[in-house]
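Asks: sequence unavailable; structure follows:
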């Protein structure tokens, strides 16, 4: 069966933003105006189509990315609506990995917020072209121009206005299209399309000035426009639109639009901009991978006749159809009934059914073509980040890297019969979410779950009860501390055991040194002349890796360390892999104890927005939590405080902030980095 939409008419986009900027509301309006839904869903009423989980509807936030497909102006648009809360940043990360374009939604009152910066950096990492939509232009305090400046200053991206608002706050009437130099007025009636008209006299001068600014900014990055601009030639609308598209796809600037999604203002024009300016799969570079049997790099273009190359970017457990794997097809075609190869794990998978997702609803399709996004029903051995290819020409795509969890709690089933059921449920949840970990601690008999924040773990515990029927008791949150070293050291260990028969012998010399923060762990061997036989060197590394899980200070995981096997010896009869693994573990612990070990703690970047009258109390409270103030600024009638606070000091902070400010101050926080714990705090922990 041939594809029903040409590749050039496909758009794969994500809606991304800070929490409460209006992403889901924008998506709900897109569904309504494209005819995908016939009733407007509202986040605040718990009726949003894209927020279909019980936890999402109760809290009024997006927790899991939801996918849908709409048609607009003879184009097929695959949309992923992502969460804004930092605890669920994994959903943004894996979505951006497979998308071709993004719509970044900004709150016109708050401007560029902390999570706006985070998602922008994630999009930068994957070089995703994006549009900017300044939402909530009808709210008190809305400021389109300040938001544009914040995009330039905070995100280091040139904003190119292709629209400007007609008024703001309660006087917001519509937008001016700077390319066509026409105004679009909105009646406020849901089903009434915007009315095109002349630019009001009061806004003509502003429109002329900003059109000139728009062309100047485009000309800075587009040679064709620059030549016309310098020679004084008038540019046609099509020439400007083509130039905006070129600059957007090249990530040289971001076109800026505006509106109010809640009032149904500007969404149709945003859809037009998605079609006009964001790339199709044919406009982005071919995906690169390496052959399974060699390091040769192979490119696969977005063509149906090339070998199949796809990436599984999300696993979910659907209550109706079971395990689902969301895939992005980069080249070739997947048909239902095909046998495909998981080159990440070296196993074959049979494609039973293919589904096109619309939030929690599903639509069967026969095939997914290059550039498409769909879900495979029932993959047995496929996980997030795995590459799916043709069995004849397998390649491996770059994996998706996820952040480490920063917070843990102990959890147990409320009754003995629920323990096994809880283990199975936690395994399924960890398959769905790579930033969620579940570990059984043999020494204490406890199950410990780890995640990205208090809300993340709260939602996990809630899902255990609702989706899997497992009631649980949970302990207090614990910080995911780490350990590292501050200087180099070397140690020699001889492991000798004689037990009557064959003994155990291993002799190793390890050198350790600190690495830059965020590097992780590196192991190398400088053994020359065979003093340790080659087959025992991996055993030494295995022993060292095992020792990394429990450091010498508080038993926390060890990070940012280089270990080199520099010397040693073996016995012809008594040496074994077990002996060298044990020797490597013991030697590493002893060397680490000599290398000035230190404890590290996660530091959170917190932005607090407070009315002036509570500023002093809130600032004092932040510093009392070992906070380091990074900056302060006035934003309208509010004071903004940016501060770094250790995660250990943030538990219950939202409740405390509300009580200090009569519920009027708000905060957002995200993990920033690990830093050394002061000696006083370590002493307090061990007292």
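Replies: Cool, the structure landed. All values derive from a computational prediction rather than experimental measurement.
Asks: and the spatially most central residue of the chain, what are its phi and psi?
Replies: In the chain, the centroid-proximal residue (CA atoms, centre = their mean) is residue 93; its distance is 2.4 Å. Note on residue 93: backbone dihedrals following degrees, to the nearest 10 are phi -60, psi -50.
Asks: how close does it sit to residue 440?
Replies: Taking CB to CB, to the nearest Å as the measure, residue 93 falls 27 Å from residue 440. Quick note: C-beta positions are derived from backbone N, CA and C, even for glycine.
Asks: how far away from the center of its chain is the longest helix seen in the chain?
Replies: Longest helix of the chain, by residue count under DSSP state H: helix 201-219. Relative to the chain's own centre, helix 201-219 is displaced by 36 Å; criterion: CA atoms, centre = their mean, to the nearest Å.
Asks: the residue nearest to the centre of the chain against residue 121, yeah?
Replies: No: using CB atoms under 8 Å, residue 93 makes no contact with residue 121, being 10.6 Å away.
Asks: overlap in contacts of those two?
Replies: Counting by CB atoms under 8 Å, 6 or more residues apart in numbering, no residue touches both residue 93 and residue 121.
Asks: in stretch 277-290, which residues are buried?
Replies: Neighbour-count burial for stretch 277-290, counted by 16 or more other CB atoms under 10 Å, picks out 277-284, 287, 289.
Asks: can you list the residues you listed in CSV and add distance to residue 192, pLDDT and secondary structure?
Replies: Formatted as CSV, those follow (distance: CB to CB, whole Å; pLDDT from 0 to 100; DSSP: H, G, I helix; E, B strand; the rest coil):
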residue, distance to residue 192, pLDDT, secondary structure
277, 26, 96, helix
278, 27, 96, coil
279, 32, 95, coil
280, 31, 94, coil
281, 35, 94, helix
282, 36, 92, helix
283, 34, 93, helix
284, 37, 91, coil
287, 43, 91, strand
289, 49, 90, strand
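Asks: list just the nearest of those to residue 665.
Replies: residue 278 (36.9 Å; CB to CB).
Asks: for the closest one, which non-adjacent residue is spatially closest?
Replies: residue 101 (3.4 Å; CB to CB, 6 or more residues apart in numbering).
Asks: need the contact list for that neighbour.
Replies: 11-14, 128-131, 274, 278-279.
Asks: and for residue 580?
Replies: 495, 506, 508, 532, 536, 539-540, 543, 570.
Asks: if I look at residue 81, how far off is residue 18?
Replies: 14 Å.
Asks: ugh, wrong one, I meant residue 317
Replies: Residue 317 sits at a distance of 29 Å from residue 18 (criterion: CB to CB).
Asks: turn the contacts of residue 101 into TSV, including secondary structure.
Replies: TSV is the format used below for the contacts of residue 101 (DSSP: H, G, I helix; E, B strand; the rest coil):
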residue	secondary structure
11	strand
12	strand
13	strand
14	strand
128	coil
129	coil
130	strand
131	strand
274	helix
278	coil
279	coil
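Asks: pick the one among these closest to residue 478.
Replies: residue 14 (33.2 Å).
Asks: surely residue 262 touches residue 136?
Replies: Yes: contact criterion CB under 8 Å: residue 262 and residue 136 qualify, at 7.4 Å.
Asks: for beta bridges, what are the partners of residue 506?
Replies: residue 495 (DSSP bridges).
Asks: now for it, how many residues are close by?
Replies: Residues near residue 506, counting by other CB atoms under 10 Å, number 31.
Asks: my read: it touches residue 565, true?
Replies: No: with contact defined as CB under 8 Å, residue 506 does not reach residue 565; the gap is 11.5 Å.
Asks: give me the contacts around stretch 534-542.
Replies: By CB under 8 Å, 6+ apart, stretch 534-542 touches 506, 508, 523, 525, 527, 532, 565, 568, 570, 575, 577-578, 580-581, 583-584.
Asks: buried residues in that stretch?
Replies: So for stretch 534-542, counting by 16+ other CB under 10 Å, buried means 536-537, 539-542.
Asks: could I get these as CSV with pLDDT?
Replies: Below are the buried residues of stretch 534-542 laid out as CSV (pLDDT from 0 to 100):
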residue, pLDDT
536, 90
537, 91
539, 93
540, 93
541, 93
542, 93
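Asks: which of those lies closest to residue 594?
Replies: The nearest member of those to residue 594, counting by CB to CB, is residue 540 at 18.4 Å.
Asks: helix, strand or coil for that closest one?
Replies: Per three-state DSSP, residue 540 ends up helix.
Asks: how far does stretch 590-610 sit from its chain's centre?
Replies: Counting by CA atoms, centre = their mean, stretch 590-610 is centred 23 Å from the centre of its parent chain.
Asks: residues of that stretch that come out buried?
Replies: 590-592, 595, 597-610.
Asks: stretch 574-582 too?
Replies: 575-576, 579-582.
Asks: ok, so of those, who is nearest residue 490?
Replies: Once CB to CB is applied, the member of the buried residues of stretch 574-582 that ends up nearest residue 490 is residue 580, at 17.7 Å.
Asks: doesn't that closest one belong to a helix?
Replies: Yes: per three-state DSSP, residue 580 lies within a helix segment.
Asks: what does the pLDDT read for it?
Replies: Per-residue confidence at residue 580 stands at 93 (pLDDT).
Asks: circling back: number of residues surrounding the spatially closest residue to the residue nearest to the centre of the chain that is not a sequence neighbour?
Replies: Leaving aside its sequence neighbours, residue 93 sits nearest to residue 122 (CB to CB, 6+ apart; 5.8 Å). Residues near residue 122, counting by other CB under 10 Å, number 21.
Asks: next secondary structure after the least confident helix or strand in the chain by mean pLDDT?
Replies: Among the helices and strands of the chain, helix 54-59 carries the lowest confidence by mean pLDDT, DSSP states H and E, at a mean of 60. Per DSSP states H and E, the first helix or strand lying C-terminal to helix 54-59 is strand 66-72.
Asks: what pairs with that next one, parallel or antiparallel?
Replies: For strand 66-72, using DSSP bridges, the partner strands are strand 75-81 (antiparallel).
Asks: how about the strands in the stretch 351-500 of the chain?
Replies: 354-358, 361-365, 367-368, 373-377, 387-389, 395-397, 407-413, 437-441, 446-451, 472-474, 478-479, 482-485, 489-497 (DSSP state E, counting those that start in this stretch).
Asks: with mean neighbour count and mean pLDDT added, can I get the ones you listed in a markdown table?
Replies: Formatted as a markdown table, those follow (neighbours: other CB atoms under 10 Å; pLDDT from 0 to 100):
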| stretch | mean neighbour count | mean pLDDT |
| --- | --- | --- |
| strand 354-358 | 20 | 85 |
| strand 361-365 | 14 | 83 |
| strand 367-368 | 22 | 92 |
| strand 373-377 | 24 | 90 |
| strand 387-389 | 26 | 93 |
| strand 395-397 | 20 | 92 |
| strand 407-413 | 19 | 84 |
| strand 437-441 | 14 | 81 |
| strand 446-451 | 20 | 84 |
| strand 472-474 | 15 | 85 |
| strand 478-479 | 16 | 80 |
| strand 482-485 | 23 | 92 |
| strand 489-497 | 16 | 91 |
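Asks: mind checking which of those strands is nearest residue 638?
Replies: Evaluated over these, closeness to residue 638 peaks at strand 407-413, with 28.6 Å, by CB to CB.
Asks: that closest one: how far from the chain's middle?
Replies: Chain-centre distance of strand 407-413: 24 Å, with CA atoms, centre = their mean.
Asks: which residues does residue 73 contact?
Replies: Contacts of residue 73 by CB under 8 Å, 6+ apart are 271-272, 275.
Asks: for it, what are phi and psi?
Replies: According to degrees, to the nearest 10, residue 73 has phi 50, psi 50.
Asks: before we move on, back to that, from the contacts of stretch 534-542, pick the one nearest residue 243.
Replies: Using CB to CB, the contacts of stretch 534-542 come closest to residue 243 at residue 523, 50.9 Å.
Asks: on contacts alone, who are the packing partners of the strand or helix carrying that closest one?
Replies: Following DSSP H and E, one finds residue 523 within strand 521-525. Helices and strands touching strand 521-525, by 3 or more CB pairs under 8 Å, 6 or more residues apart in numbering; DSSP states H and E, are helix 537-548, strand 561-569.
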